[in-house]
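Q: Quick check, what structure comes out for this input:
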Amino acid sequence: MSEGDSVGESIHGKPSVVAAFFTRIGQVYQSWLDKSTPFYVVRWASTLLLTAVYMIRVYILQGWYIVTYALGIYHLNLFIAFLSPKVDPSLLEEDEGPSLPTKQNEEFRPFIRRLPEFKFWHSATKGIVIAMICTFFDAFNVPVFWPILVMYFIMLFCITMKRQIKHMVKYRYLPFTHGKRTYKGKDDTGKTFAS
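A: As a prediction, the model looks like this:
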């Protein structure tokens, strides 16, 4: 490969100004994401506010129902991935990889999600921003009878959640872990302890 052929590299082997600019923008963006990680309440509140602004915009403009429907389907898929375990117990055979505890006396194993909370929030927020941008272009304003989309979405939501809840009941897992259970008992010496 000759000098300067790689992407974002100038003739002299240094990164081009454009590549350096976008690299710096990406670093600043990642830095802000990293700083926002512990503030989940603020993150979700801002996403709900952004969702409200989007819904008000769609209501005032009386259009972009297909975009809103696509956003709803995307959020439903994210939510299902958020509720699902990383390793699907229905695909595992006995004694193959980590499994969820199925009996009361089994060892505690925390629930590991297929889609972690932070990625769920980040993807949901990006979806709302992209949908908001789409409302500025008439090409995405496809005329449809919106009540049919609403009914279809409600039906799809109910069917999908019913299947997910059946899966949770069948494999006995809850998608929310609040720490290890503690029991009061006595050790070998007869002293009471709480673990």
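
Q: helices or strands next to the longest helix anywhere in the chain in the packing?
A: Ranked by residue count and defined by DSSP state H, the top helix of the chain is helix 146-170. Counting by 3 or more C-beta pairs under 8 Å, 6 or more residues apart in numbering; DSSP states H and E, the packing neighbours recorded for helix 146-170 are helix 65-83. For the C-beta atoms, the positions are set from N, CA and C on the backbone; glycine is no exception.

Q: Could you list the residues in contact with the helix it packs on?
A: Residues external to helix 65-83 that are found in contact with it (C-beta atoms under 8 Å, 6 or more residues apart in numbering): 54-55, 58, 113-115, 117, 120, 123-124, 127-128, 131, 134-135, 140, 142, 144, 146, 149, 153, 156-157, 160, 164, 168, 175.

Q: mind running it again at 7 Å?
A: 58, 113-115, 120, 123-124, 127-128, 131, 134-135, 140, 142, 144, 146, 149, 153, 157, 160, 164, 175 (C-beta atoms under 7 Å, 6 or more residues apart in numbering).

Q: Which of those fall in strands?
A: With strands taken from DSSP state E, there is no overlap with the contacts of helix 65-83.

Q: on that earlier part again, pull out the buried positions in the longest helix of the chain.
A: The neighbour-count check on helix 146-170 (16 or more other C-beta atoms under 10 Å) flags 149, 167 as buried.

Q: now that helix: mean pLDDT?
A: Helix 146-170 carries an average pLDDT of 92.

Q: chain center to that helix: distance?
A: 18 Å (C-alpha atoms, centre = their mean, to the nearest Å).

Q: Run the angle between it and helix 65-83 for me.
A: Helix 146-170 runs at 10 degrees relative to helix 65-83, counting by axes from the mean of the first three to the mean of the last three C-alpha atoms, to 10 degrees.

Q: count of neighbours near residue 70?
A: Residue 70 has 17 neighbours, counted by other C-beta atoms under 10 Å.

Q: just for this structure, where's the confidence low?
A: Low-confidence segments of the chain, defined by pLDDT under 70: 1-13, 93-110, 177-195.

Q: Which stretches in it count as helices?
A: 17-36, 40-61, 65-83, 117-134, 146-170.

Q: Give the other helices and strands that the fourth one contacts.
A: Contacts of helix 117-134 with other secondary structure elements, assessed using 3 or more C-beta pairs under 7 Å, 6 or more residues apart in numbering; DSSP states H and E, are made with helix 40-61, helix 65-83.

Q: okay, these, which one's buried deepest?
A: helix 65-83 (a mean of 18; mean count of other C-beta atoms under 10 Å).

Q: centroid residue for this structure?
A: When C-alpha atoms, centre = their mean is applied to the chain, the residue found nearest the centroid is residue 120 (1.6 Å).
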